[in-house]
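**Q** return a 3D structure for these sequence lines:
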Amino acid sequence: MENWYAMKTMPEKEEEAAELIRRTIPLLCGNPVQSFRRKKLFRADGKLILSMEKMFPGYLFYKQTGSRMCQKC
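**A** Numbers count the residues shown, from 1 in each chain. Have a look, this model is predicted:
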């Protein structure tokens, strides 16, 4: 069974929050905290530009697998 959890962060601080969580909470045990991005293609000055855009700005997601948190920690 998988459970997904959403964590609200300060805008534009998702990566800093994810790094802090990875360093301070060992209970995540390999299940990464992530922010989802999508590719966005647009045209500017006659050129096609591919960029990565946050799908849910201000949120991080954690996927817990199994029925319990990691017991190694």
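**Q** and the residue of the chain positioned farthest from its centre, how far from Pro32?
**A** Distance from the C-alpha centroid of the chain, by Cα atoms, centre = their mean, peaks at Gly46 (32.8 Å). Gly46 is 39 Å from Pro32, where distance means Cβ to Cβ, to the nearest Å. Backbone N, C-alpha and C define where each C-beta goes, glycine included.
**Q** what's the neighbour count on Tyr5?
**A** 10 (other Cβ atoms under 10 Å).
**Q** contacts for the helix or strand hosting it, please.
**A** Assessed by DSSP states H and E, Tyr5 sits inside strand 2-8. Strand 2-8 is contacted from outside by 17, 21, 33, 56, 58-65, using Cβ atoms under 8 Å, 6 or more residues apart in numbering.
**Q** for it, C-alpha coordinates in PDB please.
**A** Extracted C-alpha coordinates of strand 2-8, given in PDB (Å, rounded to 0.1, in the frame of the first residue of the first chain):
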ATOM      1  CA  GLU A   2       1.300   3.500  -0.900                       C
ATOM      2  CA  ASN A   3       0.300   6.700   0.800                       C
ATOM      3  CA  TRP A   4       1.200  10.100  -0.600                       C
ATOM      4  CA  TYR A   5       1.600  13.100   1.700                       C
ATOM      5  CA  ALA A   6       1.700  16.800   0.600                       C
ATOM      6  CA  MET A   7       3.700  19.300   2.600                       C
ATOM      7  CA  LYS A   8       3.100  23.100   2.200                       C
END
